[in-house]
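*Asks:* Fold the stuff below for me.
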Amino acid sequence: MEDFIEIYTDGAASGNPGPGGYGIVMLYKKHRKEMSAGFKYTTNNRMELMGVIVALESIKDREIKVKIYSDSKYVVDAINKNWILGWRKKGFVNKANVDLWQRFLKIYDFRWHEFIWVKGHASNKENNRCDELAVAASKQSNLPEDIGYGVNTAGLL
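*Replies:* Below is the predicted model of the structure:
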C-alpha cells in the first residue's frame, strides 16, 4: 500500500479583495492536523495558494508522496497544465501573486506532489471543513497585513 499525505486546502476573501483566510486539513495514517490563518486585505486566489504553500512547508519528510485536493482551478490548473513553468520562464511578466508562486516553486516537487481538483461547496467533507476554517480565520480581529498583496513584479523576493 502506497504511503502518502492527503492535504485539503481552501481560501476565502470577503469582498475579494478584502479580509481573507485559508484553511488546511492534513491527513496521514491516523493523524489529522488542521491549520488556518487570516489576513486583513487579500484575495481569494492568494489565500487558495497560501494554503497549499503553508501545508507543503509544514511537511518534514520531503520524499513522501502528497496528494493536494483543492477547489481552486487557479491553483490546480496552474500546476497540472504547466502554466506555472511558462510563467516562470517568462519572468512572471504581468502575472499576479508572483511572491507566492516563487515561494511555491521552492517547495514544489512534481515527483512527489499530485494536485487534484474537487468541486467546492459540495459533498467533500474535508474541503467543506477547510472552507469553514478559512472563513473563520478571515473574520478574526487584528488580522496581519498580507505583505505581498498587490506586488506583481517578478524578482522582488
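
*Asks:* contacts, neighbours, all on C-alpha from now
*Replies:* Noted.

*Asks:* Give me the number of neighbouring residues for Asp3.
*Replies:* 10 (other CA atoms under 10 Å).

*Asks:* and it, what does it touch?
*Replies:* 64-65 (CA atoms under 8 Å, 6 or more residues apart in numbering).

*Asks:* and the gap between it and Glu114?
*Replies:* Asp3 sits 13 Å away from Glu114, taking CA to CA, to the nearest Å as the criterion.

*Asks:* list the residues that contact both of the two?
*Replies:* In contact with both Asp3 and Glu114: Lys65, using CA under 8 Å, 6+ apart.

*Asks:* gap between Asn80 and Val118?
*Replies:* With CA to CA as the criterion, Asn80 and Val118 are 14 Å apart.

*Asks:* Test my guess that Lys95 contacts Trp87.
*Replies:* Yes: judged on CA atoms under 8 Å, Lys95 makes contact with Trp87 at a distance of 7.5 Å.

*Asks:* Which neighbours in the sheet does the strand or helix carrying Gly23 have, and how are they oriented?
*Replies:* Using DSSP states H and E, Gly23 sits within strand 18-28. When pairing is defined by DSSP bridges, strand 18-28 lines up against strand 4-13 (antiparallel), strand 31-42 (antiparallel).

*Asks:* Packed most tightly, which of those would that be?
*Replies:* strand 4-13 (a mean of 26; mean count of other CA atoms under 10 Å).

*Asks:* Identify the residues contacting it?
*Replies:* Against strand 4-13 from outside (CA under 8 Å, 6+ apart): 19-29, 42-52, 55, 64-72, 126-127, 130-131, 134-135, 138.

*Asks:* repeat that with 6 Å
*Replies:* 19-28, 43-44, 47-48, 51, 65-70, 127, 130-131, 134-135 (CA atoms under 6 Å, 6 or more residues apart in numbering).

*Asks:* of those residues, buried ones?
*Replies:* Listed as buried from the contacts of strand 4-13 are 19-27, 43-44, 47-48, 51, 65-70, 127, 130-131, 134-135; burial here means 16 or more other CA atoms under 10 Å.

*Asks:* List the beta-bridge partners for Met26.
*Replies:* With DSSP bridges as the rule, Met26 is bridged to Ile7, Lys33.

*Asks:* Quick check: which ranges of this protein have low pLDDT?
*Replies:* Along the chain, segments meeting pLDDT under 70 span 1, 151-157.

*Asks:* try 90
*Replies:* The chain contains residues with pLDDT under 90 at 1-3, 16, 62-63, 110-111, 120-123, 148, 150-157.
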